[in-house]
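1. next one to model:
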Amino acid sequence: MPELRFLGRLVRNLGRGTRLGFPTANLETDSTVPEGIYIGYANVNGEKLPALIFSGAPITFNEKEHRIEVYLLDFEGDLQVEELEITLIKKIRDNQKFESKELLIVQMKEDERVAREYFRRV
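-> The predicted model follows:
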């Protein structure tokens, strides 16, 4: 997959990512990003931060609206920006529905492990 870059404006959402243990920045963008879970980077105030990016509808929660959520690895605090520039590097899996939020969390931890392994090698 060639790198895909896009700009997104931060928007508030339900806070579900934080409750699941993965606080995300929710983006509003005109870019058409295929559904899936991606390894990539977010440019925050000129700093390139490693990230996991979800693109799609949160079908585990029976939602149909497409969204983009960015989980910044090792970032704590509040983002003090209005927009994020995102670079998608590699798709690691398709969007899928899980039978429970607990099973989703197990998969999210595995996605994070895969991403950290990737960033250790680059």
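2. give the buried residues for the top helix by length along the chain.
-> In the chain, taking DSSP state H as the definition, the longest helix is helix 101-121. For helix 101-121, a neighbour-count test (16 or more other C-beta atoms under 10 Å) marks Leu104, Met108, Asp111, Val114, Ala115 as buried. C-betas here are computed from N, CA, C, even on glycine.
3. just curious, which of those is nearest to Glu69?
-> Proximity of the buried residues of helix 101-121 to Glu69 (C-beta to C-beta) peaks at Met108, which lies at 10.9 Å.
4. just the helices in this protein please.
-> 16-19, 101-121.
5. now mean pLDDT and distance to Glu85 too, for those helices, in a markdown table please.
-> Output for the helices of the chain, formatted as a markdown table (pLDDT from 0 to 100; distance: least, C-beta to C-beta, whole Å):
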| stretch | mean pLDDT | distance to Glu85 |
| --- | --- | --- |
| helix 16-19 | 63 | 20 |
| helix 101-121 | 94 | 18 |
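6. for this protein, give me the ranges with low pLDDT.
-> 1, 13-21, 31 (pLDDT under 70).
7. can you give me the strands in it?
-> According to DSSP state E, the chain carries its strands in the segments 4-11, 25-28, 36-44, 47-56, 67-72, 83-93.
8. which elements pack onto the shortest one?
-> When you say that, I think you mean strand 25-28. strand 4-11, strand 67-72, strand 83-93 (3 or more C-beta pairs under 8 Å, 6 or more residues apart in numbering; DSSP states H and E).
9. contacting residues around the residue nearest in space to the middle of the chain?
-> The residue lying closest to the centre of the chain (C-alpha atoms, centre = their mean) is Ile53, at 2.3 Å. For Ile53, the contacting residues are Val33, Ile37, Tyr38, Ile39, Gly40, Ile68, Glu69, Val70, Tyr71, Ile86, Leu88, by C-beta atoms under 8 Å, 6 or more residues apart in numbering.
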